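In: Just to be clear, the model below is a prediction. Sequence and coordinates:
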Amino acid sequence: MKNPLAGGAELVTHEICSRAVKAGHEVILLCAGYPGAKPEEEMSGYKVIRVGGRLSVYPAAAKYYKANLQGWADLVVEEINTIPFFTQLYVKERRFVLFYMLCREIWFYQMFFPASLVGYLIEPIYLFFLRRNTILTISESTKRDLMHFGFAEKDITIIPIGIEIEPIASLEKVKKFEKPTLLSLGSIRDMKQTLDQVKAFELAKKALPELTMKIAGGGSGKYFDRVMTAIKNSPYAADIEYVGRVSTEAKAEIMQRSHVIAVTSIKEGWGLIVNEANSQGTPAVSYDVDGLRDSNRHKETGLVVAPNPASLAAGIIELLTNKEEYEQYQKNGWEWSKQLKFSTVYERFSEAVRK
């Protein structure tokens with residue numbers, strides 16, 4: 001969770017590991033290092049061992065495991081979030097593989113060419129060699145993806161997702177900004193398509209003159225620079241505020257005070273940000289892509305639209321101009337968010353690995 005790139009997957013890992021320790025188990029998390037990271041430390045009772053970097057972790061983890069951990073564990077869970085560790089080649093203990101999502105489309109947004117093309121082409125190949133594993137995943141979208149590549153349905157178990165933000169006690173206590181506000185929240189990078197949200201805001205602004213936008217989240221590199229330039233050059237720049245990276249407490253507050261959150265990822269394993277916003281009384285307009293169509297129930301907790309700025313703008317306008325519809329989605333999303341508890345995640349995880 002201390003990795004600067006940590007997101008929803010790392011949160012799920014942390015919650016499972018810390019709850020396993022509370023249940024009386026010993027847990028070691030073997031993962032990648034990053035600049036300034038300690039090689040080893042304890043977090044919430046479990047031991048974190050960091051080896052290698054973002055890409056070198058794969059051979060480094062295999063080497064470390066064989067030298068130091070062979071025979072130690074009763075259970076090994078290999079987490080795949082883009083690239084596999086291929087633990088089946090060196091782990092003799094009982095194993096499960098946890099997939100958050102498959103990444104074919106994402107390669108072209110997160111890696112430079114030709115590495116992006118290589119990743120896109122080799123994913124079906126390495127998936128072929130992983131088909132005989134027992135699989136855990138977090139959404140129907142990823143389950144369907146896996147089955148498309150030859151994984152047997154009987155070998156796949158879905159565990160639910162949880163949110164770290166406590167749902168507000170009552171929708172009556174929600175205090176929105178004075179003007180209708182569109183929220184963009186999350187890391188600003190290619191696969192999140194923040195630029196689409198800025199374009200959608202500009203389109204929606206023509207129909208809703210009072211509309212404002214807040215953008216929260218860290219970022220760096222060329223894409224981040226493009227987003228900052230788009231904000232600066234927008235004809236509505238005065239109504240767009242970039243607030244930067246926010247704490248968990250500040251995130252909950254800005255979610256609660258905003259009227260709508262836009263989520264435009266290329267693909268997600270689930271899309272926790274949708275349910276976190278729902279927990280604070282804010283419905284989402286999200287793209288109709290894997291993960292987001294799981295976390296955002298169309299015309300029940302929010303709107304799921306075609307993946308383009310024009311459709312996103314139309315969804316924003318629809319939500320903000322139909323009070324009855326808005327309040328129903330707001331209530332449904334808030335009620336559902338109260339069911340997304342990490343205690344349930346750990347219970348289902350425990351059940352799955354005991355089978």
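Out: Cool, got the structure.
In: Where does the prediction get shaky in the stretch 151-300 of the chain?
Out: Applying pLDDT under 70 to the stretch 151-300 of the chain picks out no residues at all.
In: For the closest residue to Asn308 other than its chain neighbours, give its distance to Val263.
Out: Leaving out its chain neighbours, the residue that sits closest to Asn308 by CB to CB, 6 or more residues apart in numbering is Asp196, at 7.4 Å. Yep, even glycine has a C-beta here, placed from its N, CA and C like the rest. Per CB to CB, to the nearest Å, Asp196 is found 10 Å from Val263.
In: Likewise for Lys192?
Out: Counting by CB to CB, the gap from Lys192 to Val263 is 8 Å.
In: More neighbours: which of the two?
Out: Taking other CB atoms under 10 Å, Lys192 and Val263 do not tie; Val263 has more neighbours (28 against 24).
In: So in terms of bridging, what pairs with the closest residue to the more buried one other than its chain neighbours?
Out: Distances taken as CB to CB, 6+ apart put Ser286 closest to Val263, at 4.0 Å, once the chain neighbours are dropped. Counting by DSSP bridges, Ser286 is bridged to Val263, Val304.
In: which residues sit in contact with Ser286?
Out: 262-264, 271, 274, 292-293, 295-296, 302-305 (CB atoms under 8 Å, 6 or more residues apart in numbering).
In: How about Ile156?
Out: When the contact criterion is CB under 8 Å, 6+ apart, the partners of Ile156 are 135-137, 143, 146-147.
In: With distance to Gly217 added, can I get those residues in CSV?
Out: Written out in CSV, the entries for those read as follows (distance: CB to CB, whole Å):
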residue, distance to Gly217
Ile135, 31
Leu136, 28
Thr137, 26
Lys143, 29
Leu146, 29
Met147, 33
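In: Can you add neighbour count and give those residues back as a markdown table?
Out: Below are the contacts of Ile156 laid out as a markdown table (neighbours: other CB atoms under 10 Å):
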| residue | neighbour count |
| --- | --- |
| Ile135 | 22 |
| Leu136 | 20 |
| Thr137 | 25 |
| Lys143 | 19 |
| Leu146 | 23 |
| Met147 | 13 |
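In: of these, closest to Val57?
Out: Here the nearest of the contacts of Ile156 to Val57, counting by CB to CB, is Leu136; it sits at 20.4 Å.
In: Without its sequence neighbours, what residue ends up closest to that closest one?
Out: Counting by CB to CB, 6+ apart, Leu136 lies nearest to Leu98, which is 4.5 Å off, once chain neighbours are set aside.
In: Give me the secondary structure label for the one you found.
Out: strand (DSSP: H, G, I helix; E, B strand; the rest coil).
In: Touching both of Lys192 and Val263, which residues are there?
Out: The contact sets of Lys192 and Val263 overlap at Gly186 (CB under 8 Å, 6+ apart).
In: can you give me the strands for this structure?
Out: Taking DSSP state E as the criterion, the chain carries its strands at 28-31, 40-43, 46-50, 75-80, 94-99, 135-137, 156-158, 181-185, 212-216, 240-244, 260-263, 284-287, 302-305.
In: mind listing what's buried in stretch 327-340?
Out: Of the residues in stretch 327-340, those buried by neighbour count under the rule 16 or more other CB atoms under 10 Å are 329-330, 332-334, 336-337, 340.
In: In helices, which of the residues you listed appear?
Out: Residues of the buried residues of stretch 327-340 located in helices (DSSP state H): 329-330, 332-334, 336-337.
In: What count of nearby residues applies to Glu241?
Out: If you count neighbours by other CB under 10 Å, Glu241 ends up with 13.
In: before we move on, back to that, would you turn the strands of the chain into JSON lines with distance to Ile165?
Out: As requested, the strands of the chain are arranged in JSON lines below (distance: least, CB to CB, whole Å):
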{"stretch": "strand 28-31", "distance to Ile165": "23"}
{"stretch": "strand 40-43", "distance to Ile165": "20"}
{"stretch": "strand 46-50", "distance to Ile165": "22"}
{"stretch": "strand 75-80", "distance to Ile165": "23"}
{"stretch": "strand 94-99", "distance to Ile165": "23"}
{"stretch": "strand 135-137", "distance to Ile165": "23"}
{"stretch": "strand 156-158", "distance to Ile165": "22"}
{"stretch": "strand 181-185", "distance to Ile165": "12"}
{"stretch": "strand 212-216", "distance to Ile165": "14"}
{"stretch": "strand 240-244", "distance to Ile165": "17"}
{"stretch": "strand 260-263", "distance to Ile165": "13"}
{"stretch": "strand 284-287", "distance to Ile165": "14"}
{"stretch": "strand 302-305", "distance to Ile165": "17"}
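In: for these, which one sits closest to Lys323?
Out: Ranking the strands of the chain by proximity to Lys323 (CB to CB) places strand 260-263 first, at 13.1 Å.
In: tell me how far that closest one is from the chain's mean position?
Out: When distances are taken as CA atoms, centre = their mean, to the nearest Å, strand 260-263 is centred 14 Å away from the chain's centroid.
In: Now do Glu41 against Val274, distance only.
Out: Distance of Glu41 to Val274, computed by CB to CB: 32 Å.
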